[in-house]
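Peer 1: I need the structure of the sequence given here:
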Amino acid sequence: MLLYDENLQQLSEAQIAALKQELLTGLDTIAVPEQQELESDLADYYVQADAQEKGLYQMESLAYKAANMGETIFERIRKFICGFLAADSTASDIIDKILEAIASIIPGGIIIKWIVKKLVKYILNIGYQALCPTGN
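Peer 2: Numbers count the residues shown, from 1 in each chain. This is a model prediction of the structure:
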């Protein structure tokens, strides 16, 4: 899995392992976000990652976010992780699958820690059955 930090530096396997540990800590201090908040954050995240990636290649980036962009991104992440998670999945399992989803969905596979933490918190709060009502 190819991931980059917010400074567009490629993460090594050791750095990804450290990132996963960092994402697990402090979850209890984060407020549970609403799905609409996550969708808005995901749209902003996508536009920011697109701009960063396009900046590397001196290309034009998205100048706006589409009305349902965040909802679409959230749904793609949800479908991806529901294909792998089970009712007994741990926070660590959830983080692994979120990072894999981001690597393929978000431009450049750029990881912004606070949004990943919010996603994990949201998923842990609503539970597997609500996230994946039909197992997908």
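Peer 1: which elements pack onto the helix or strand encompassing residue 114?
Peer 2: Assigned by DSSP states H and E, residue 114 falls within helix 113-131. In terms of contacts (3 or more C-beta pairs under 8 Å, 6 or more residues apart in numbering; DSSP states H and E), helix 113-131 is packed against helix 13-24, helix 35-56, helix 69-82, helix 91-105. All C-beta atoms are positioned from the backbone trio N, CA, C, and that covers glycine.
Peer 1: out of those, which gets the lowest mean score?
Peer 2: Looking at those, the lowest mean pLDDT belongs to helix 35-56 (a mean of 84).
Peer 1: now that one, how far from the centre of its chain.
Peer 2: The chain centroid and the centroid of helix 35-56 are separated by 10 Å, computed with C-alpha atoms, centre = their mean, to the nearest Å.
Peer 1: so which other helices or strands are in contact with that helix?
Peer 2: So helix 35-56, by 3+ C-beta pairs under 8 Å, 6+ apart, packs with helix 69-82, helix 113-131.
Peer 1: so which of those gets nearest residue 103?
Peer 2: Taking C-beta to C-beta, helix 69-82 is the member of the helices and strands packed on helix 35-56 nearest to residue 103, at 10.3 Å.
Peer 1: need the helices and strands packed on helix 113-131 in CSV with distance to residue 1 and mean neighbour count, can you?
Peer 2: Below are the helices and strands packed on helix 113-131 laid out as CSV (distance: least, C-beta to C-beta, whole Å; neighbours: other C-beta atoms under 10 Å):
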stretch, distance to residue 1, mean neighbour count
helix 13-24, 7, 14
helix 35-56, 16, 18
helix 69-82, 13, 18
helix 91-105, 5, 18
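Peer 1: closest one to residue 126 among these?
Peer 2: Within those, the stretch nearest residue 126 is helix 35-56; the backing value is 8.4 Å (C-beta to C-beta).
Peer 1: quick one: that closest one to helix 91-105, angle?
Peer 2: 50 degrees (axes from the mean of the first three to the mean of the last three C-alpha atoms, to 10 degrees).
Peer 1: tell me the mean pLDDT over the helix holding residue 114?
Peer 2: 91.
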